[in-house]
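Enquirer: Turn this into a model:
(one chain, ligands or ions: 1)
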Amino acid sequence: MTSLVPLKLETGNVVIWNNPNPSSTFYCRPIKFQFAKETTDFVKQEQSAMEEEIRNLTISNCGNFEVTHELHMTMIDGKVTTIITDTPSAATCNVCLAKPSEMNNLSLMFSRPVREDVYQYGLSTLHMWIRSMECLLHISYNLDFEMWCARGDNKNLKKFRKDMVQSEFKQQMGLLIDVVKQGFGTTNDGNTARRFFRDYQKTAEITKIDVDLIKHFAVILQVLSSGKAINIDGFRGYCKETAELFVHHYPWYNMPSSVHKMLIHGADICKHFSCLPIGILSEEAGEARNKDFRNTRERHTRKTGRLQNNEDIMHNFLISSDPYISHLKPKYNIFKTSSMFPEAMQLLITEETKEFEEEEEQIEVDQEAPENLPDPLE
Ligand SMILES: [Zn+2]
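Expert: The predicted model follows:
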């Protein structure tokens, strides 16, 4: 599935329109879908076809206005990032090519040469939530023998702890953790991970992982998905502190490449997109679309032939992402700062936060675009 999410429309420095919900499918326009296996060759071929189309984009003429377009390829998951950045394996960092055995040598990690051109593919924020949770869970499973991987008798120890952790999460928080779903990976999704980190004290009790470390992860993930401008230097320091905390408590567990990317390169990747907060560049809308796909295909399409079937899927997607229809839906602020930890708030640029909130209030009051600027949707 290839999709596009419009994020904002601006003239000079004046923002005419902001996508109120960039992580939802409300404005997630389908470009194409294909039934094919996600192989290396296929992904690369799709990427270059897409880049070719972007290069050939012409200026849109809208009455008295001319609109130019700036596109970012950030709505991709870890697997696709690994392929398009020519990284040898998913366990290797795609920015600095560090191998798993090197990950916990922090002084080396902070001084390694980086491939800055990889920054343009963003951070896959949604997957960061899930990968961070899985990393802490795996540390927890291995706590009895303190080794990166379980061999021999340790396998039983690991299984015992895993069963215990899973049943505790189910009993105390109603969460299904790490349960394999037939054909669709595991039950670990964004919602599970967000609960896991929000109730960090309970999570620490169940997993026996250092509570401070879980809180640090929660703060970083909240900042990344806040959709607001980040205080880069403050954030960089906080990530470094988290990496040190990780290595201090669990030196025997090699930091996974995704967690490494977030803690070591996260601040630089955010800086690369200076004018767009990293939170609005997540792959969440695309992932939600994948989920929609199955549902739509099963329940809202004709089953009289492949052609009709595909046509109905495309029509459904065009309707559910139609900018005009979506802009009539009630607005709600998904980037709520009220539910964020104070530590996370401190890592955001506060003046901008204020402006954003004022803007949101104004929209609630008059539901109209600012005066003397045309509403692009009309
Ligand atoms: Zn790296």
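
Enquirer: How many neighbouring residues does residue 23 have?
Expert: 25 (other CB atoms under 10 Å). For glycine as for every other residue, the C-beta is placed from the backbone atoms N, C-alpha and C.

Enquirer: In terms of pLDDT, where does it sit?
Expert: We have a pLDDT of 87 for residue 23.

Enquirer: Okay, helices next: where are they in the stretch 51-200 of the chain?
Expert: 78-84, 106-111, 125-141, 154-173, 190-198, 200-207 (DSSP state H, counting those that start in this stretch).

Enquirer: which ones are touching the closest residue to residue 138 other than its chain neighbours?
Expert: Among residues not flanking residue 138 along the chain, residue 253 sits closest, at 7.4 Å (CB to CB, 6 or more residues apart in numbering). Contacts for residue 253 were tallied using CB atoms under 8 Å, 6 or more residues apart in numbering; they are 104, 138, 139, 142, 148.

Enquirer: Kindly provide the distance from residue 253 to residue 157.
Expert: 15 Å (CB to CB, to the nearest Å).

Enquirer: so residue 329 makes contact with residue 24?
Expert: No - under the criterion of CB atoms under 8 Å, residue 329 makes no contact with residue 24, lying 9.8 Å away.

Enquirer: Tell me which of those two has more neighbours.
Expert: Between residue 329 and residue 24, counted using other CB under 10 Å, the more crowded position is residue 24 (19 against 11).

Enquirer: Among the helices of the stretch 51-200 of the chain, which comes closest to the ion?
Expert: helix 106-111 (6.5 Å; CB to the ion).

Enquirer: Angles on the backbone of the closest residue to residue 4 other than its chain neighbours, please.
Expert: Closest residue to residue 4 apart from its sequence neighbours, by CB to CB, 6+ apart: residue 29 at 4.9 Å. The phi/psi pair for residue 29 (degrees, to the nearest 10) reads phi -80, psi 130.

Enquirer: quick one: residue 29 and residue 319 touch, right?
Expert: No - here residue 29 does not reach residue 319: they are 11.2 Å apart, not a contact under CB under 8 Å.

Enquirer: Between those two, tell me which one has more neighbours.
Expert: For residue 29 versus residue 319, neighbours defined as other CB under 10 Å are more numerous around residue 29 (17 against 11).

Enquirer: distance of that one from residue 66?
Expert: Here the criterion is CB to CB. By it, residue 29 lies 21 Å from residue 66.

Enquirer: One more: residue 344?
Expert: 40 Å.

Enquirer: now do residue 44
Expert: In terms of CB to CB, residue 44 sits 33 Å off from residue 66.

Enquirer: between those two, who's got more neighbours?
Expert: More neighbours surround residue 44 than the other of residue 44 and residue 66, with 14 against 9 (other CB under 10 Å).

Enquirer: pretty sure that one contacts residue 85?
Expert: No - counting by CB under 8 Å, residue 44 does not reach residue 85; the two are 10.9 Å apart.
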